[in-house]
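quick check, what structure comes out for this input:
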Amino acid sequence: MEGNVKLADILQGDPADLIIPDGRKVLMNQVSGTLRNALMSKRQSIRLEGKPVQNIAELFNNLEFFINSYNIVHLNLEHVIIGNEGSQILSEYLSRCPSLAHLDLGNNQMSAEGAGSLAAVLGQCASLAHLNLEGNRIGPEGAASLAAVLPRCASLAHLDISFNYIGAEGAGRLAAVLGQCPSLAHLKLEGNRIGDEGAGRLAAVLGQCASLAHLNLRWNRIEAEGAGSLAAVLGQCASLAHLNLKGNRIGPEGAASLAAVLPRCASLAHLDISFNYIGAEGAGRLAAMHGQCASLAHLNISDNQIGAEGAASLAAVLPRCASLAHLDLWSNGIGDEGVGRLAAVLGQCASLAHLDLG
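Numbers count the residues shown, from 1 in each chain. Sure thing, here's the model as predicted:
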């Protein structure tokens, strides 16, 4: 397309279709309005979320034109259901879209085959910083394909492969290359059933991940052993600020392992261990170390059945938690006694701005 073509020339023709000067229809009726709005508002993003399409090849052929002609940096294709066929076609275009920085492909019924097609070209996507593959079924084989190319993705800072059935094997394949990904700051592996084995493999390399600031391992069937493996290296993770272990089964033993290392986690500001069966004992272990956690600002231990005893343990240390601003304790069965213990010290908690008792 010539550089002097005006926006008005692009938007001419039937309102149901977008026409470009060479007469080629830009997109099917069902998505043309989205593109029209994006252009008219001068946004640098295209969002087609939840608009399944029938002609995948036509979709990507026309998207390539818009991405390159208008420097589109964000493409959201979540729930479009492109499948493995669409992944293969998309991969043919990605390397020719130099401006694309943010790609959302969540919930698209991709398997290992589709992940392999994308992985084959990811190393050529110089600007790609954010890749979302949540809610597909890439499995350990797909995770291995991605792992093989991650060290060549120089700009990739955010990777989400949650709910993809990668298991411990897939986690291990990713772990093997994480230390070679200097830009990766945000890794989300939620709901992948990696278990203690997968947590252990990740833990073995976390100390080498200089840029990793956000690690999400929710709902992964991690128990005390896996929590212990993670705890053993958290003190070496200089950049890690956010750790989410919600919905695992670390229990009081796992909570004790984490508590022991928290004072050495200089950057950790957000810890979520809700739904983890830690009980009053686990809450007590956390409380014993909490006053020494200079950076911890947000702690979520909701739905752990800590009871009045656990609440009392926390109340005893809260006035010494100089950085704590947000504490979630809902669904813990603390009763009136626990509420009373916490209420008695709130006036001494200068930083605490949010307390959720549910």
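
tell me where the stretch 101-250 of the chain has strands.
102-104, 130-132, 158-160, 186-188, 214-216, 242-244 (DSSP state E, counting those that start in this stretch).

reformat these as JSON lines; add mean pLDDT, distance to A288 and mean neighbour count.
Just so you know, the C-beta spots here come from the backbone N, C-alpha and C atoms, and that holds for glycine as well. Listed next are the strands of the stretch 101-250 of the chain as JSON lines, based on pLDDT from 0 to 100; distance: least, C-beta to C-beta, whole Å; neighbours: other C-beta atoms under 10 Å:
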{"stretch": "strand 102-104", "mean pLDDT": "92", "distance to A288": "42", "mean neighbour count": "21"}
{"stretch": "strand 130-132", "mean pLDDT": "97", "distance to A288": "39", "mean neighbour count": "20"}
{"stretch": "strand 158-160", "mean pLDDT": "98", "distance to A288": "35", "mean neighbour count": "20"}
{"stretch": "strand 186-188", "mean pLDDT": "98", "distance to A288": "30", "mean neighbour count": "20"}
{"stretch": "strand 214-216", "mean pLDDT": "98", "distance to A288": "24", "mean neighbour count": "19"}
{"stretch": "strand 242-244", "mean pLDDT": "98", "distance to A288": "19", "mean neighbour count": "19"}
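
export the ones you listed to a markdown table and append columns for distance to D303.
Below are these laid out as a markdown table (distance: least, C-beta to C-beta, whole Å):
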| stretch | distance to D303 |
| --- | --- |
| strand 102-104 | 30 |
| strand 130-132 | 27 |
| strand 158-160 | 24 |
| strand 186-188 | 21 |
| strand 214-216 | 18 |
| strand 242-244 | 14 |
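
count the residues that sit near the closest residue to L174 other than its chain neighbours.
Nearest residue to L174, sequence neighbours excluded (C-beta to C-beta, 6 or more residues apart in numbering): A147, at 5.0 Å. A147 has 23 neighbours, counted by other C-beta atoms under 10 Å.

when you give positions from now on, start the count at 54
Done: numbering now begins at 54, and the last item shifts to A200.

any idea of the pLDDT on A200?
pLDDT, A200: 98.

so what's it up against?
R226, L227, A229, V230 (C-beta atoms under 8 Å, 6 or more residues apart in numbering).

right, and D325 touches K299 too?
Yes - using C-beta atoms under 8 Å, D325 is in contact with K299, at 4.8 Å.

would you mind listing the residues touching both of the two?
R271, N353.

the two: which is more packed in?
Set D325 next to K299 and count neighbours by other C-beta under 10 Å: D325 wins out with 21 against 18.

what comes up buried for the helix or strand hosting V398?
Take DSSP states H and E as the rule and V398 turns out to sit in helix 388-398. For helix 388-398, the neighbour count (16 or more other C-beta atoms under 10 Å) marks G391, R394, L395, V398 as buried.

same list (those) but as a markdown table, adding pLDDT.
Formatted as a markdown table, the buried residues of helix 388-398 follow (pLDDT from 0 to 100):
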| residue | pLDDT |
| --- | --- |
| G391 | 97 |
| R394 | 97 |
| L395 | 97 |
| V398 | 96 |
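
mind putting those residues into JSON lines with distance to G260?
Converted to JSON lines, these look like this (distance: C-beta to C-beta, whole Å):
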{"residue": "G391", "distance to G260": "37"}
{"residue": "R394", "distance to G260": "38"}
{"residue": "L395", "distance to G260": "36"}
{"residue": "V398", "distance to G260": "36"}
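
okay, the spatially most central residue of the chain and G411: tell me how far apart.
Centroid-nearest residue in the chain, with C-alpha atoms, centre = their mean: K241, separated by 3.5 Å. Going from K241 to G411 by C-beta to C-beta, to the nearest Å gives 26 Å.

try G332
Following C-beta to C-beta, the distance that separates G332 from G411 is 17 Å.

contacts only, for the residue nearest to the centre of the chain.
Neighbours of K241 in contact, by C-beta under 8 Å, 6+ apart: E187, L212, D213, I214, S215, H267, N269.

show me what it bridges to in the sheet.
Taking DSSP bridges as the rule, K241 bridges to D213, N269.

can you check H127 too?
Where H127 sits in a bridge, its partners, by DSSP bridges, are S98, H155.

hmm, back to that, same for the helix holding V398, what does it pack against?
helix 360-370 (3 or more C-beta pairs under 8 Å, 6 or more residues apart in numbering; DSSP states H and E).

now find how far off-centre the helix it packs on is within its chain.
How far helix 360-370 lies from its chain's middle: 32 Å, per C-alpha atoms, centre = their mean, to the nearest Å.

what strands line up against the next helix or strand after it, and which way round?
Scanning forward in sequence from helix 360-370 by DSSP H and E, the next helix or strand is strand 379-381. Here strand 379-381 has these sheet partners by DSSP bridges: strand 351-353 (parallel), strand 407-409 (parallel).

which one of those is the most hemmed in?
With neighbours defined as mean count of other C-beta atoms under 10 Å, the strands paired with strand 379-381 peak in mean count at strand 351-353, which reaches a mean of 21.

centre of the chain to it, how far?
Relative to its chain's centre, strand 351-353 lies at 18 Å (C-alpha atoms, centre = their mean).

re the thing from before, could I get the helix holding V398 in PDB with only the CA atoms?
C-alpha atoms of helix 388-398 as PDB (Å, rounded to 0.1, in the frame of the first residue of the first chain):
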ATOM      1  CA  GLY A 388     -15.000 -16.400  64.600                       C
ATOM      2  CA  ASP A 389     -15.700 -13.600  67.000                       C
ATOM      3  CA  GLU A 390     -12.600 -14.400  69.000                       C
ATOM      4  CA  GLY A 391     -10.300 -14.100  66.000                       C
ATOM      5  CA  VAL A 392     -11.900 -10.900  64.800                       C
ATOM      6  CA  GLY A 393     -11.500  -9.400  68.300                       C
ATOM      7  CA  ARG A 394      -7.800 -10.300  68.400                       C
ATOM      8  CA  LEU A 395      -7.200  -8.600  65.000                       C
ATOM      9  CA  ALA A 396      -9.400  -5.600  65.900                       C
ATOM     10  CA  ALA A 397      -7.300  -5.000  69.000                       C
ATOM     11  CA  VAL A 398      -4.100  -4.300  67.100                       C
END
